[in-house]
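# Need coordinates for the below:
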Amino acid sequence: MNFSAFALILLAINCWIPASASNAARRISTILNCKTPRAGPEETAENPSAVFSVKKLLPKQSVSVDPLVIAGDIELFVACVRAGLSIQQATSAVSVVAEEPTVTYWKQVNSLLALGVEPERAWVHMQPVPGLQELARLVMMSEHSGAAIASGCQRLVDTLRADATSSAIAKAERAGVFISLPLALCFLPAFIILGLVPVVISLGAQLL
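Numbers count the residues shown, from 1 in each chain. Here you go, the predicted model:
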């Protein structure tokens, strides 16, 4: 191989390397900027379904319900179970006579149980309601261990009624305190003017 042929080979290599580098840079830029199916749809206001919802990861907030209402529902549920009805039939009976806001949860559980959904997945809808949450746990324990739930439900009812009584007494005591405050503000100035001021004036006159 003479010198001229070697020079031509070097020149060709010199021209090919920058072109290859430029092509590689363009390919990398295209890969980085393109939208692949794995990347998912763009999260924009025009495509609200693509926006990730954080609420799905958050637990449901607790629902405040009168303990006496929950106790009444559980008592009816226990009466149905003691009468020989199945768990699904008992929930169906309660869902017919229950009132807002608990009727929604009873209907959800009853519908899922009637469709053959597993009890764990059906009774989880009771979790936001204190009282019904404990009932759901008792039912789950009964499903797994075969233990009777009537006695446990009765203890739960007694606890709910005791809590309702304690709450009512506490509210009455707070109301009594709030009622006595205006009376104290009214009678205190009168006591000072009519009771203490004449005594102070009399003692001062005697000293002088």
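# any weak-confidence spans in this protein?
Of all residues in the chain, those with pLDDT under 70 make up the ranges 1-62, 145-147, 208.
# all helices for it, in order.
Per DSSP state H, the chain carries helices over the ranges 3-33, 67-82, 87-97, 102-114, 119-123, 132-145, 150-191, 197-207.
# Counting by contacts, list what the longest one packs against.
Applying 3 or more Cβ pairs under 8 Å, 6 or more residues apart in numbering; DSSP states H and E, one finds that helix 150-191 contacts helix 67-82, helix 132-145. Quick note: C-beta positions are derived from backbone N, CA and C, even for glycine.
# Please identify the most buried of those.
Highest mean neighbour count of these: helix 67-82, a mean of 20 (counted as mean count of other Cβ atoms under 10 Å).
# which residues are in contact with it?
If you take Cβ atoms under 8 Å, 6 or more residues apart in numbering as the criterion, helix 67-82 is touched by 87, 89-91, 93-94, 97-99, 102, 106, 129-132, 135, 149-150, 153-154, 156-157, 160-161, 163-164, 167.
# so residue 65 sits right up against residue 104, yeah?
No: using Cβ atoms under 8 Å as the test, residue 65 is too far from residue 104 to be in contact (10.9 Å).
# So the two - more neighbours on which side?
Between residue 65 and residue 104, counted using other Cβ atoms under 10 Å, residue 65 has the larger neighbour count: 18 against 14.
# Need phi/psi at the more buried one.
phi -130, psi 150 (degrees, to the nearest 10).
# what's it in contact with, if anything?
The neighbourhood of residue 65, defined by Cβ under 8 Å, 6+ apart, consists of 101, 102, 129, 130, 131.
# want to throw these into JSON lines with distance to residue 185 and neighbour count?
Below are these laid out as JSON lines (distance: Cβ to Cβ, whole Å; neighbours: other Cβ atoms under 10 Å):
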{"residue": "101", "distance to residue 185": "40", "neighbour count": "13"}
{"residue": "102", "distance to residue 185": "43", "neighbour count": "23"}
{"residue": "129", "distance to residue 185": "42", "neighbour count": "23"}
{"residue": "130", "distance to residue 185": "38", "neighbour count": "16"}
{"residue": "131", "distance to residue 185": "41", "neighbour count": "22"}
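# Is it possible to mark the buried ones in the contacts of helix 67-82?
87, 89-91, 93-94, 98, 102, 106, 129-132, 135, 149, 153, 156-157, 160-161, 164 (16 or more other Cβ atoms under 10 Å).
# In contact with the spatially closest residue to residue 66 that is not a sequence neighbour, which residues?
In space, and not counting its chain neighbours, residue 66 is closest to residue 164: 7.3 Å by Cβ to Cβ, 6 or more residues apart in numbering. Residues counted as contacts of residue 164 (Cβ under 8 Å, 6+ apart) are 66, 67, 68, 71.
# swap the cut-off to 10 Å and go again
Going by Cβ atoms under 10 Å, 6 or more residues apart in numbering, residue 164 touches 66, 67, 68, 69, 70, 71.
# same check, this time on residue 157
By Cβ under 10 Å, 6+ apart, the residues touching residue 157 are 67, 68, 70, 71, 72, 73, 74, 75, 77, 78, 131, 135.
# Near residue 116, how many other residues are there?
8.
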